[in-house]
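Novice: 3D model of this:
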Amino acid sequence: MSNVYTVAVVVGSLRKESINRKVARALAELAPANLKLNIVEIGDLPLYNEDIDGASPPAAYSTFRQQVSSSDAVLFVTPEYNRSVPAPLKNAIDVGSRPYGKSAWNGKPGAIISVSPGAVGGFGANHNLRQSMVFLNVPLMQQPEAYLGNAGSAFDEAGKLSDSVKPFLQNFINAYGQWVEQHKKV
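Specialist: Sure thing, here's the model as predicted:
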């Protein structure tokens with residue numbers, strides 16, 4: 001692996017100290033040498049509205065689209081809300097997919113890890129997000145699937161990743177590094 005690929009990391013939770021954001025940071029630290037992970041913020045994106053997305057779209061739309069477009073790949077780290085993805089994440093997907101025919105997501109090798117304090121690990125959100133990514137032409141890593149359940153115990157009081165979760169995340173991010181290498185458009 002000689003190339004270094006930039007990865008737009010989209011965190012579905014807006015809380016600054018959310019478990020999902022902590023997992024995203026841990027993945028950045030564990031990433032193989034061929035990946036450089038950058039969290040792309042979604043909290044300031046206005047709700048997608050075609051009426052304001054014309055010749056002069058909101059600056060937040062333009063910035064977000066540029067950050068995703070200039071990345072080589074995309075990684076989603078998301079909680080599950082009501083068996084689906086959080087509204088801010090769905091909004092970010094919509095903003096990035098517009099204007100029609102100029103999707104920032106197109107062709108970017110992707111992966112999803114869903115993170116939940118519940119036992120199922122965000123299974124519904126993970127699969128719901130996959131539906132959108134198929135439509136947006138994002139080749140998603142299929143294996144290893146990544147559902148991190150009981151995520152409240154993934155970090156200790158000091159915010160350090162637990163030894164029991166680290167191998168799981170290491171395996172996931174290493175596999176994703178190989179996925180990006182194999183599927184990156186040249």
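Novice: Which residue would you name as the spatial centre of the chain?
Specialist: Ranked by distance to the mean C-alpha position of the chain (C-alpha atoms, centre = their mean), the top residue is residue 76 at 1.5 Å.
Novice: avg pLDDT for stretch 83-93?
Specialist: Taken as a whole, stretch 83-93 has an average pLDDT of 96.
Novice: tell me which residues in that stretch are buried?
Specialist: Within stretch 83-93, the residues that count as buried by 16 or more other C-beta atoms under 10 Å are 84, 85, 86, 88, 89, 90, 91, 92, 93. The way it works is simple: take the backbone N, C-alpha and C, and place the C-beta from them, glycine included.
Novice: Just send those back as JSON lines, with distance to residue 19 and secondary structure too.
Specialist: As requested, these are exported to JSON lines (distance: C-beta to C-beta, whole Å; DSSP: H, G, I helix; E, B strand; the rest coil):
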{"residue": "84", "distance to residue 19": "18", "secondary structure": "strand"}
{"residue": "85", "distance to residue 19": "15", "secondary structure": "coil"}
{"residue": "86", "distance to residue 19": "13", "secondary structure": "coil"}
{"residue": "88", "distance to residue 19": "16", "secondary structure": "helix"}
{"residue": "89", "distance to residue 19": "15", "secondary structure": "helix"}
{"residue": "90", "distance to residue 19": "20", "secondary structure": "helix"}
{"residue": "91", "distance to residue 19": "21", "secondary structure": "helix"}
{"residue": "92", "distance to residue 19": "19", "secondary structure": "helix"}
{"residue": "93", "distance to residue 19": "21", "secondary structure": "helix"}
